[in-house]
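Trainee: can't give you the sequence, but here's the structure:
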């Protein structure tokens, strides 16, 4: 198994775990969807069933989201007496940054075109065949 398949399968499982951890969030549906899309894309990469262009678009979307969620004041990701809003935004930023870096890595490792339907082999006909 190639490194791309191992990495993409591992990240797909990680994204499923991330999605499962969002169940008690106020906007759980949004974040579960974000992580499940990343998981689906990861598994599609493992089987060479996704186009490189889609991965670049996913990278850009996640990167824009990460920039959007950059907290007003960085107070880390653990609750240590800081403003919970800044901490939550930092966590969301890091999640989107991980998604973004992963999609960029997959896009760079993938072929430019996914083989959705393998071509049938073309057999040469002998000189005697009509």
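Mentor: That came through fine. All values derive from a computational prediction rather than experimental measurement.

Trainee: Report the contact partners of the most centrally placed residue in the chain.
Mentor: The centroid of the chain falls nearest to residue 38 when counting by C-alpha atoms, centre = their mean (3.3 Å). Contacts for residue 38 (C-beta atoms under 8 Å, 6 or more residues apart in numbering) come out as 11, 15, 58, 62, 99, 102-103. The C-beta positions use only the backbone N, C-alpha and C, and glycine is treated the same way.

Trainee: Please report how far residue 7 lies from residue 102.
Mentor: To residue 102, residue 7 is 9 Å away according to C-beta to C-beta, to the nearest Å.

Trainee: looking at this structure, which helix or strand does the model trust least?
Mentor: Every helix and strand in the chain was compared by mean pLDDT, DSSP states H and E; the lowest is helix 84-109, with a mean of 90.

Trainee: Can you mark which positions in that one are buried?
Mentor: Neighbour counts over helix 84-109 (16 or more other C-beta atoms under 10 Å) mark 86-93, 95-100, 102-107 as buried.

Trainee: can you give me the helices for the chain?
Mentor: Per DSSP state H, the chain carries helices over the ranges 3-20, 28-46, 52-68, 84-109.

Trainee: Ignoring the adjacent residues along the chain, who's closest to residue 22?
Mentor: Leaving out its chain neighbours, the residue that sits closest to residue 22 by C-beta to C-beta, 6 or more residues apart in numbering is residue 31, at 4.2 Å.

Trainee: Also residue 37?
Mentor: residue 58 (7.6 Å).

Trainee: What lies in contact with stretch 11-24?
Mentor: With contacts defined as C-beta under 8 Å, 6+ apart, stretch 11-24 is touched by 28, 31-32, 35-36, 38-40, 42-43, 46, 95, 99, 102.

Trainee: and the two most separated of those?
Mentor: Farthest pair in the contacts of stretch 11-24 (C-beta to C-beta) is 28 and 46. Separation: 26.4 Å.
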